[in-house]
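**Q** what follows is a predicted structure for the sequence shown.
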Amino acid sequence: MNESIIKDKEKIESDKLLLDKKFSHIATVRLVVFLAAIVLISVGISKKSLLIVGTGALLIAVFIYLVRYHSIIRDKMNALSAKGQVVNRYIMRYSGKWKEFKDNGSEFLTQEDTVSYDLDLLGKNSLYQMITIAHTSMGRKKLAETLSLKTDHLNEMDRRYEAITELGKKTSFLVDFEASSERILEKREKALQRRLDFEDEDEDNDSDDEKKSGKEAAGEEKNSFPVWMYPLMVLVPAMNIFTVVMVLSGAWGPSKILMAFIAGMIITWMPLGLHQKLKAPIESYGSAANDYYKMLGLIKDETFDSALLGGLREKVVDRDGSLGAIKKMDRITSLSNISYNPIVHMALAGFLGWDFFISKAASSWISKYSGVFEESTDILSDFEELGSLAVLSMVRETKKPVITKELRLDLEQVYHPLLNPDTVVSNDGQLTNSLTIITGSNMSGKTTFLRTVAINLVLAYTGSGVCAKNFKVPFVKLFTSMRVMDDVAGGISTFYAEILRIKEMAEYVSGGNDVPALCLIDEIFKGTNSADRIVGAEQALKKLSAGNAMVIVSTHDFELCELTTEDGSAADNYHFEEYYENDQLRFDYKIKDGRCTTRNAMAILKMAGLVQN
């Protein structure tokens, strides 16, 4: 296990204890300052003492500062908590506990994407679930499209491997980067809920807000701060200052302060809908502004040797103004968030016309920096996608694959990345024939071998390292027929569903495509009777292996071991087998030459207690 990960975990725990104490201390001081300010202002007004009132006002300013500082400490605590969760996930990836991760990318898994379903690329217990560090919407989508091979990285595999390998060595950078990324969704969800609670919006408005696109939320439709608001923005604080002066001079009674305060609230909140419209773009992204700033700052401050990462960093450096823009948004959001405390908001609105100033700041930001978030998100999502693939090299032993033009698979100590690294069994193999038949006992490892080859092919095509000592393969169009399911509603049986999959393979192979096909079929035509299965499999396999393709099929039907291709060449045969130790059934999960000569179905039925001796 990575030692730096363990050290990070220990440091996070100690830092959290210190911040907890500071947080509680500031909360107490803040309350005392607020109460003292209220008392001083009340006494000052009753005694008509400008000095006492001024001292109370100064304490109010101190209180606002403490609220802000308290918020900063809370953010640091949340950041440490997020970092702790990230570190824990790295530790969980060394075992099967990663299957508990919430994000598994299942929303990206479509019914038509049979390869992703068969190989556990997306969805429950998937490669996506184990490696993802993506938390932005765009980053999650990019990773899903990469793993499902919807995005073609063939022409940049070397550049991507260089970048992914470099990120895999930057443990601290990736942990800090993901910790900031993770907080984006959490904070935006909380901010949205807080606004809805505060504004008491109805369900229809909530739905409309959620359907807004990122560009619209970021200010594609810009709303300028109205000219008529400027006088009101000045009027509210000026009116209150004038009233306090008149009361202290004895010209007016203390009740005038309350009247001015109420008048200030009415003036400030009268255009509430317009305030909300002007602030909406800021509030849409503002809760994540500080995290965006940290992530871009991490990229800017890091040194990258790989061309791909260096190019992404240059985009951040060249647009250094975007960092400043996002920092300004964070300040505006922090000031706006103060108003989510109802009592504080009333005081700020009534005495200062607070909402006018926030609306003006938000409008100015949008007019000057519209589009910054979209550009920044694109850069960050690239780092999330590459960083997710780099995670594999941090928790598994990986090697750079070799992509050749020869249609053959040269495998040395290849193993499945989703299996426990302490117990997984690796395999060797040189598969060169257009048709390979794999036989073997039940539970001996045939299906796992097919999935091992295929999932490592996917990793190779993404530019990632593969789980093997050596992995020399061609670039192919990958087809699988493994987890074939029926469709009762659609009237499709399991057998017919498998026929449809193999038909898709055959159409591609006979289509004269330049990219060869690799067809991996697990227990071919298992959904029908043995006689039809053997005849059908013979015809289908001969057709598939006659074209520009490699076909690897597992089966319990030993008759298929005698198959020849259309040119008369014999199929290659490999097998997995069981052995017995102290009358117990055991497996070594190692692929061997030749056809299987043993059966174990009765032994397994006996183990299950379904048959007698």
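**A** Alright, I've got the coordinates. Numbering: from 1, shown residues only.

**Q** all contacts plus neighbour counts: C-alpha atoms, from now on.
**A** Noted.

**Q** any stretches of the stretch 151-300 of the chain with poor pLDDT?
**A** Residues of the stretch 151-300 of the chain meeting the criterion pLDDT under 70: 185-223, 285-287.

**Q** now Ile403: which helix or strand?
**A** Ile403 is part of strand 402-404 when elements are defined by DSSP states H and E.

**Q** what residues does that strand touch?
**A** Phe471, Lys472, Val473, Pro474, Phe475 (Cα atoms under 8 Å, 6 or more residues apart in numbering).

**Q** I'd assumed Leu409 was in contact with the last one.
**A** Yep, that's Phe475 we're talking about. No. Using Cα atoms under 8 Å as the test, Phe475 is too far from Leu409 to be in contact (10.5 Å).

**Q** list the contacts of Phe495.
**A** Asp486, Phe525, Lys526, Gly527, Thr528.

**Q** quick revisit: and which of the contacts of strand 402-404 is nearest Tyr580?
**A** If you rank the contacts of strand 402-404 by distance to Tyr580 using Cα to Cα, Phe471 comes first, at 32.2 Å.

**Q** quick check: the closest one vs Thr597, distance?
**A** Counting by Cα to Cα, to the nearest Å, the separation of Phe471 from Thr597 is 29 Å.

**Q** more neighbours: which of those two?
**A** Comparing Phe471 with Thr597 by other Cα atoms under 10 Å, the one with more neighbours is Phe471, at 26 against 12.

**Q** so the more buried one makes contact with Val414?
**A** Yes. When contacts are counted by Cα under 8 Å, Phe471 is listed as touching Val414 (7.4 Å).

**Q** longest single helix anywhere in the chain?
**A** The residue-count maximum for a helix in the chain (DSSP state H) belongs to helix 3-47.

**Q** and it, how far out from the chain's middle?
**A** 33 Å (Cα atoms, centre = their mean, to the nearest Å).

**Q** quick check, Gly429 in a strand?
**A** Yes. The assignment for Gly429 by DSSP: H, G, I helix; E, B strand; the rest coil puts it in a strand.

**Q** which non-adjacent residue is nearest it?
**A** Leu411 (5.0 Å; Cα to Cα, 6 or more residues apart in numbering).

**Q** the one you found in helix, strand or coil?
**A** strand.

**Q** beta-bridge partners for it, please?
**A** Gly429, Phe471 (DSSP bridges).

**Q** tell me, what residue is most central in the chain?
**A** Centroid-nearest residue in the chain, with Cα atoms, centre = their mean: Ala134, separated by 2.6 Å.

**Q** where does that one sit: helix, strand or coil?
**A** coil.

**Q** likewise for Gly547?
**A** Assignment for Gly547 (three-state DSSP): coil.

**Q** ok, it touching Ser510?
**A** Yes. Between Gly547 and Ser510 there is a contact under Cα under 8 Å: 6.3 Å.

**Q** okay, those two: which has more neighbours?
**A** Taking neighbours as other Cα under 10 Å, Gly547 and Ser510 compare with Gly547 leading, 19 against 14.

**Q** per-residue pLDDT, the closest residue in space to the more buried one that isn't next to it in sequence?
**A** Once flanking residues are discounted, Gly547 sits nearest to Val509: 5.5 Å by Cα to Cα, 6+ apart. We note a pLDDT of 94 for Val509 in this prediction.

**Q** quick one: neighbours of Val509, just the number.
**A** Counted with other Cα under 10 Å, Val509 comes out at 25.

**Q** what residues are up against it?
**A** Applying Cα under 8 Å, 6+ apart, the residues contacting Val509 are Pro516, Ala517, Leu544, Gly547, Asn548, Ala549.

**Q** repeat that for 10 Å
**A** Neighbour list for Val509: 477, 503, 515-519, 543-550 [criterion: Cα atoms under 10 Å, 6 or more residues apart in numbering].

**Q** for Asn427, same thing?
**A** 411-416, 449, 452-453, 468, 589-592.

**Q** from those residues, which would you call buried?
**A** Listed as buried from these are 411-412, 414-416, 449, 452-453, 468, 589-592; burial here means 16 or more other Cα atoms under 10 Å.

**Q** all strands in this structure, in order from the N-terminus.
**A** 402-404, 409-414, 427-431, 435-440, 470-474, 477-481, 517-522, 549-554, 572-576, 578-581, 584-587, 592-593 (DSSP state E).

**Q** any chance of TSV for those, columns distance to Ser381 and mean pLDDT?
**A** Shown next, in TSV, are these (distance: least, Cα to Cα, whole Å; pLDDT from 0 to 100):
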stretch	distance to Ser381	mean pLDDT
strand 402-404	27	96
strand 409-414	30	97
strand 427-431	35	96
strand 435-440	40	94
strand 470-474	29	97
strand 477-481	26	96
strand 517-522	31	96
strand 549-554	35	96
strand 572-576	42	95
strand 578-581	46	81
strand 584-587	43	82
strand 592-593	43	94
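
**Q** tell me which of those strands sits nearest to Pro421.
**A** strand 409-414 (11.9 Å).

**Q** what packs against the closest one?
**A** strand 427-431, helix 446-462, strand 470-474 (3 or more Cα pairs under 10 Å, 6 or more residues apart in numbering; DSSP states H and E).

**Q** below-threshold pLDDT in the stretch 351-500 of the chain: ranges please.
**A** 486-491.

**Q** Glu112: neighbour count?
**A** For Glu112, using other Cα under 10 Å, the count is 8.

**Q** what's the spacing between it and Glu581?
**A** 44 Å.

**Q** do Pro226 as well
**A** If you go by Cα to Cα, the gap between Pro226 and Glu581 works out to 85 Å.

**Q** over to Thr398?
**A** If you go by Cα to Cα, the gap between Thr398 and Glu581 works out to 33 Å.

**Q** who has more neighbours, these two?
**A** Neighbours were counted for Thr398 and for Glu581 using other Cα under 10 Å; Thr398 has more, 20 against 8.

**Q** before we move on, back to that, would you list the contacts of strand 402-404 in TSV and tack on distance to Gly387?
**A** Shown next, in TSV, are the contacts of strand 402-404 (distance: Cα to Cα, whole Å):
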residue	distance to Gly387
Phe471	22
Lys472	24
Val473	24
Pro474	25
Phe475	24
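
**Q** lovely, talk soon.
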